[in-house]
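Colleague: Pasting the sequence and the predicted coordinates here, then a few questions.
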Amino acid sequence: MVRSSRSNLILGTLVLAFAAAVLALWIPLDTQTGLIEKVRRQVVIGDALAPTVAALFLVLGGGLLVFIERKAPNQPKPSMAGLTFIARLLAIVFVSLLVMRFAGPVAVWTTNAFQGGDLEYRLLRDTAPWKYLGFFLGGTLMISGMVSLAEGRVSRKAVLAAVFAVIVMIFIYDVPFDDLLLPPNGDV
C-alpha cells in the first residue's frame, strides 16, 4: 500500500498557525492604529490594514491547503532540495530587507561624506529621491532574486520585470497618498 504524502496538510496547518499569530499577536502589539481611522473628519488607512489583509490571504491559502487539497494525489514529498530552495528564498528576502532598510541612510551618510553636509535621513525620508531609494533597491533585489531563483539563472528580463514591478508599486502606494511612507521609512 502506497501511503500518500501529507505535505499540504502540514504546510496548510503551519500557514494557518502563522496567520493566527500575526492576527492575534503581531498586529495588536505592533500597530498604533486600527484598520481604518477617522482623523479630523477624514478617513485614512490605519497601520493595521496592510498586515491584516496579508494575514487574511494567508488564512485563505492555508485553509485551501488544509480543507480542499489535503488529500490531493500529487503532493510533493519533503526533500533536501525543497529545504535548500526555501533557505535560498529566505536569504534573498533577508538580504533584500537589509538593503531596503539601510540604502537610504547609507546614501545620506555617503552624500554627507563627499559634500561635507549635515543631512539627516529621518528628515529626508519623505522627500524624493530619498524616500524611494531603499524601497526601489531592496524591492528590485527581492523580486529579481526570487525570479532568478525560480528560473535557475539571473537574467536581464528578471531585473527589468522587477524594476517595472517596483515602479508600479510606488505609483500605486505612494503617489495617491500624501501621508503614507513607503517601507521602511515609517520605522527609520
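Modeller: Structure's in. What do you need? Because the structure is predicted, anything quoted here is derived from the model rather than measured.
Colleague: all contacts plus neighbour counts: C-alpha atoms, from now on.
Modeller: Fine.
Colleague: isn't residue 145 right next to residue 94, touching?
Modeller: No. The criterion here is C-alpha atoms under 8 Å, and residue 145 misses it with residue 94 at 11.3 Å.
Colleague: of these two, who's got more company?
Modeller: Regarding residue 145 and residue 94, a neighbour count based on other C-alpha atoms under 10 Å identifies residue 145 as having more, with 24 against 14.
Colleague: Which helix or strand contains the residue nearest to that one when sequence neighbours are not counted?
Modeller: The spatially closest residue to residue 145, leaving aside those adjacent along the chain, is residue 92, at 6.3 Å (C-alpha to C-alpha, 6 or more residues apart in numbering). Using DSSP states H and E, residue 92 maps to helix 80-115.
Colleague: Please name the residues that touch residue 38.
Modeller: When contacts are counted by C-alpha atoms under 8 Å, 6 or more residues apart in numbering, residue 38 touches residue 44.
Colleague: can I assume it sits in a strand?
Modeller: Yes. Judged by DSSP: H, G, I helix; E, B strand; the rest coil, residue 38 forms part of a strand.
Colleague: So what sits opposite it in the bridge?
Modeller: Beta-bridge partners recorded for residue 38 (DSSP bridges): residue 43.
Colleague: per-residue pLDDT, it?
Modeller: For residue 38, the model assigns a pLDDT of 77.
Colleague: One more: residue 187?
Modeller: The score at residue 187 is 61. That number is its pLDDT.
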